[in-house]
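# Got a predicted structure here, sequence first:
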There are 2 protein chains.
Amino acid sequence: MTSERIWTAGLLVIGDEILSGRTQDRNIAQIGTWLNLQGIRLAEVRVVPDDLARIGAAVNALRTAYDYLFTTGGIGPTHDDISVDAIAAALGVGVVIHPQARAILEAYYATRGGLTEARLRMARVPEGAELIPNRMSGAPGIRVGNIFILAGVPHIAGLMLEALSGQLEGGKPLLSATIGCRAPESEVADLLGETERAHPGCQIGSYPFFREGGVGANFVIRSTDAELLEACRADLLARLLAAGLQAGPEVV
Amino acid sequence: MTSERIWTAGLLVIGDEILSGRTQDRNIAQIGTWLNLQGIRLAEVRVVPDDLARIGAAVNALRTAYDYLFTTGGIGPTHDDISVDAIAAALGVGVVIHPQARAILEAYYATRGGLTEARLRMARVPEGAELIPNRMSGAPGIRVGNIFILAGVPHIAGLMLEALSGQLEGGKPLLSATIGCRAPESEVADLLGETERAHPGCQIGSYPFFREGGVGANFVIRSTDAELLEACRADLLARLLAAGLQAGPEVV
C-alpha cells in the first residue's frame, strides 16, 4: 500500500421516493464513478427521507467524516424540497437569496411565465454558498464549505458534476482491471485470496453472476498504481489458466 | 395523521463495487418496495465498503435505530465476503457453522465437486442465527435477532425476500396514487402545498421529468388510509384541472 493521502467523499441521497422503491437511484453509481476520475473515493452513502432533522443529522455526520459531502435531491420549487433549509440549519447559518441565482432564474423564466415566488425558492442558498452551474434547467447546484448540493434528477446532477470536473482536489484515481471467469467463485476462493496477499497495493473483488449458460464471476482488481495493477492482473489470469479454468475478458 | 405504530427498517448495502460505481445497486428499490407490502417503512439506507469496522459500526447504528435491519452483500465464499464476521463482531457473538446450512450445502455440492473449505464458509453464521431459505444457489440467508442478512445479487436477494414474505410483524402498508402533469412543477408548487395541508394523513411528493416533448412532474400521494388517499387524489386532480393544466395518469 502506498502512504499517499486518500481523498474521500460521502454522499447523502435525499428523498422518500428512493426509500419507498418508487424511484430507482442512479446517482450513487454516477457520482461514485465520477469521483474515481477525480481521485476521490466514495466512502459512504446514506439515503434519508424528506425530513429536516434526519437530513441535518446525516449532513453533520458525513461532512465531518469525509473530505467532501455530496447531496442529491430536494432542491426544486415544491413543498417537499427542503434540502437547503435542512443543510443551512445543520451548519447553523441562515438561508438567503443568492443574487446570481436570482438573475439566472429571472433570465430563464423571462419567456416562461416569469419568476414566481415558488420559482424564487430555487435561488435560496445557505449563507456563504457559491453556485454550481446547471446549463439545462436554470436552477443551479450549490456549494457551501465542503458540501456540494446537487439535483436529484440524474441527468441534471450529471451536468452539475460536469461543471465541477477537475475543480476538486483529489489524489491518484483508483484504477481497475477485470477478469471474467466461467467457474463458480467458490472454486477459486483460495486462489483469489492468495493472489491478493501476493500483491500488496491491490485489492481483488469477486462478483458472481448466475445466468443462462452457466455461473461464473468477474474479478475486479483495484490499485492506484498502474504497474502493480497490471502485475496483479497478469498473475491472477495465469493462476486461473494454470488451474484449468476458462478465464479472460470481463463477462458482461 | 393516525397514531398507529409505524414499523421501520434500515438497510445496509455492503460492497466496494457499489461505492466505486461499477455495480448499479438494485436492492434499495427492491427491498423498499417489498417492505411497503409488509407494512414496514424503509427509513434509512447506508452503503459501506468491505471493511469489518465500517460494517460493524453501521450495523450497530441501524439495528438499534429501527425495528428491523436488512443487509445485502458479502455472504459468498471469497476473501472479500466478510459480512458474517463483521455482524457477529458487532453483536459480540462468535461465528459458528450452522448444521442445517452445512447439510444444505453438502446436498447442493454433492454433484458439483463436493463441499470444499471455501464453500463451507457459506455455512458460517453469527451464533444464535436462523437460516433464510434460498431455493436457487444453495447458500442461505441468515436471520439473527432483528437483522436479516441477504445476498448481494439482486435476484437471489429477491428469492430470500420471497421466503420472508408475510413472516415479519408490520403495520398498515403505505398506499400510493400518482397523478401525472405536463406542467413544470414550479407552476404548481403552491397548489401542491395547499392540497397537502388540506389532507392530514397524506403526503404529496413531486417528481419532475425533463424529456422530449416537454417537461412535467408526477405527483405521488401516500397514505396508510385508502379513503384519505382517494380523497386527496381526487382533490389534487380537480385543482390541477381547475388551474387549466393537463393532468391525468402517471407519465412513465
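On my side now, so go ahead. Quantities reported herein were computed from a predicted structural model and do not represent experimental measurements. Numbering: from 1, shown residues only, chains lettered A, B, ... in the order given.
# nearest spatial neighbour of A:Arg72, skipping sequence neighbours?
Wrong residue type there; residue A:72 is Thr, not Arg. In this structure, A:Thr72 finds its nearest non-sequential neighbour in A:Asn27, 4.5 Å apart by CB to CB, 6 or more residues apart in numbering or on different chains. The way it works is simple: take the backbone N, C-alpha and C, and place the C-beta from them, glycine included.
# tell me the contacts of the one you found?
Contact analysis of A:Asn27 by CB atoms under 8 Å, 6 or more residues apart in numbering or on different chains lists A:11, A:13, A:72, A:150, A:152, A:154, A:157.
# So which of these belong to strands?
With strands taken from DSSP state E, the overlap with the contacts of A:Asn27 comprises A:11, A:13, A:72, A:150.
# Tell me how far the spatially most central residue of chain A lies from B:Ile14.
Residue closest to the mean C-alpha point of chain A, counted by CA atoms, centre = their mean, is A:Ile31 at 2.6 Å. According to CB to CB, to the nearest Å, A:Ile31 and B:Ile14 sit 18 Å apart.
# sorry, back to before: okay, the ones in strands among the contacts of A:Asn27 in CSV with neighbour count and pLDDT next?
Listed next are those as CSV, based on neighbours: other CB atoms under 10 Å in any protein chain shown; pLDDT from 0 to 100:
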residue, neighbour count, pLDDT
A:Leu11, 26, 98
A:Val13, 24, 98
A:Thr72, 30, 98
A:Leu150, 28, 98
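# helix, strand or coil for A:Val96?
The local conformation at A:Val96, judged by DSSP: H, G, I helix; E, B strand; the rest coil, is strand.
# Is there a neighbour count for it? I'd like the number.
When counting by other CB atoms under 10 Å in any protein chain shown, one arrives at 15 neighbours for A:Val96.
# Skipping adjacent residues, who's closest to it in space?
Nearest residue to A:Val96, sequence neighbours excluded (CB to CB, 6+ apart): A:Glu127, at 5.2 Å.
# With A:Gly74 instead?
A:Ser83 (3.4 Å).
# mind showing which ranges of the stretch 51-200 of chain A have poor pLDDT?
Counting by pLDDT under 70, the ranges of the stretch 51-200 of chain A that qualify are A:137.
# Can you name the residues of it that neighbour chain B?
Residues of the stretch 51-200 of chain A found near chain B (CB under 8 Å from any CB of the partner chain) are A:54, A:76-81, A:109, A:112-113, A:116-119, A:121-122, A:136-137, A:153, A:155-156, A:174, A:176, A:184-190, A:192-193, A:196.
# Can you show me the strands along the stretch 101-250 of chain A?
With DSSP state E, counting those that start in this stretch, the ranges of strands along the stretch 101-250 of chain A come out as A:124-126, A:130-132, A:141-144, A:147-150, A:175-181, A:203-211, A:214-223, A:247-248.
# quick one, domains of chain A?
Here the domain assignment for chain A is A:7-164, A:175-248, based on automatic domain parsing.
# got those domains as CSV, with distance to B:Ile87 columns?
Shown next, in CSV, are the domains of chain A (distance: least, CB to CB, whole Å):
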stretch, distance to B:Ile87
domain A:7-164, 18
domain A:175-248, 19
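# hey, which of the ones you listed is tucked in deepest?
Among the domains of chain A, the stretch with the highest mean neighbour count (mean count of other CB atoms under 10 Å in any protein chain shown) is domain A:7-164, at a mean of 20.
# Any idea how far apart the tips of stretch A:35-45 sit?
Its start and end residues considered, stretch A:35-45 measures 13 Å (CA to CA, to the nearest Å).
# quick one: contacts of that stretch?
For stretch A:35-45, the surrounding residues in contact (CB under 8 Å, 6+ apart) are A:6-13, A:28, A:31-32, A:62, A:65-68, A:165-166, A:168, A:170-174, B:13, B:18-21, B:45-49, B:54.
# again, only this time at 6 Å
Stretch A:35-45 has contacts (CB atoms under 6 Å, 6 or more residues apart in numbering or on different chains) with A:7-11, A:28, A:32, A:66, A:168, A:170-174, B:19, B:47-48.
# swap in stretch A:88-103?
Under CB under 6 Å, 6+ apart, the answer for stretch A:88-103 is A:56, A:59-60, A:123-127, A:131, A:140.
# List just the nearest of the residues you listed to A:Arg239.
A:Val59 (45.4 Å; CB to CB).
# Which of the three states applies to the closest one?
What three-state DSSP gives for A:Val59 is helix.
# mind checking how far it is from A:Ala238?
Going from A:Val59 to A:Ala238 by CB to CB gives 48 Å.
# returning to that earlier point: which of the contacts of stretch A:88-103 lies closest to chain B?
Set against chain B, the nearest of those by CB to the nearest CB is A:Ala123 (11.7 Å).
# Look up the closest residue to that closest one, ignoring the ones flanking it.
Excluding the flanking residues, the one nearest A:Ala123 by CB to CB, 6+ apart is A:Ala101, at 3.8 Å.
# and if you look at A:Ser20?
In space, A:Ser20 is closest to B:Gly32, 5.5 Å off (CB to CB, 6+ apart).
# Correct me if wrong: the one you found contacts A:Arg22.
No - contact criterion CB atoms under 6 Å: B:Gly32 and A:Arg22 do not qualify, at 8.1 Å.
# Check which helices and strands the longest helix along chain A is in contact with.
Counting residues, the longest helix found in chain A (DSSP state H) is helix A:226-242. If you count contacts as 3 or more CB pairs under 6 Å, 6 or more residues apart in numbering or on different chains; DSSP states H and E, helix A:226-242 packs onto strand A:175-181, helix A:185-198, strand A:214-223, strand A:247-248.
# would you turn those into TSV with distance to A:Asn36?
Below are the helices and strands packed on helix A:226-242 laid out as TSV (distance: least, CB to CB, whole Å):
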stretch	distance to A:Asn36
strand A:175-181	8
helix A:185-198	20
strand A:214-223	10
strand A:247-248	24
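# Among the ones you listed, which comes closest to B:Arg222?
For the helices and strands packed on helix A:226-242, the distance to B:Arg222 is smallest for strand A:214-223, at 38.5 Å, taking CB to CB.
# Parallel or antiparallel, list what pairs with that closest one.
Sheet pairing for strand A:214-223, assigned by DSSP bridges, gives strand A:175-181 (antiparallel), strand A:203-211 (antiparallel).
# before we move on, back to that, is the residue nearest to the centre of chain A part of a helix or strand, or is it coil?
Assigned with three-state DSSP, A:Ile31 falls in the helix class.
# confidence score at it?
On pLDDT, A:Ile31 comes in at 98.
# still on that earlier bit, keep only those of the contacts of stretch A:35-45 that are in helices.
Judged by DSSP H, helices contain the following of the contacts of stretch A:35-45: A:28, A:32, B:19.
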